[in-house]
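Asker: I'd like to go over a predicted model; first the sequence, then the structure.
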Amino acid sequence: MAVDLTPRQPKKAYGGEGGAYYEWSPADLPMLGVASIGAAKLSLAAGGLSLPSYSDSAKVAYVLQGTRTTRFSDRSLVIS
């Protein structure tokens, strides 16, 4: 079975002052459906925040540009 591996741009699902959320759909990228995975990109503007949220699946995140601060429930631990 041949699967199209051509890179495609994501579709903007949401955007506001703090940034935008983009997603790739299995309808647009059949390889995602074959692998049973999803793909999305969160682009934060300067000063934008990403609020914690629940997910029933594993996620992998990369900071491609800029800096990040991660806070855990123990307020004494801050990673910059």
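Answerer: Cool, got the structure. If you're wondering where the values come from, they're calculated on a predicted model, not measured in any experiment.

Asker: element containing the residue lying closest to residue 40 once chain neighbours are set aside?
Answerer: Closest residue to residue 40 apart from its sequence neighbours, by C-beta to C-beta, 6 or more residues apart in numbering: residue 23 at 4.4 Å. Just so you know, the C-beta spots here come from the backbone N, C-alpha and C atoms, and that holds for glycine as well. Residue 23 is part of strand 19-24 when elements are defined by DSSP states H and E.

Asker: same thing with residue 59?
Answerer: Counting by DSSP H and E, residue 59 is part of no helix or strand.

Asker: And for it, the neighbour number?
Answerer: As a burial measure, residue 59 scores 8 neighbours (other C-beta atoms under 10 Å).

Asker: Quickly list what the residue nearest to residue 40 is bridged to.
Answerer: Partner residues in beta bridges with residue 23, using DSSP bridges, are residue 11, residue 40.

Asker: From here on, call the first residue 22.
Answerer: Got it, the first residue is 22 from now on, which makes the last one we talked about residue 44.

Asker: so it touches residue 35, yeah?
Answerer: No: applying C-beta atoms under 8 Å as the test, residue 44 and residue 35 come out as separate, 9.2 Å apart.

Asker: coming back round to it: contacts only, for the residue nearest to residue 61.
Answerer: Taking C-beta atoms under 8 Å, 6 or more residues apart in numbering, we find residue 44 in contact with 31-32, 34, 59-62.
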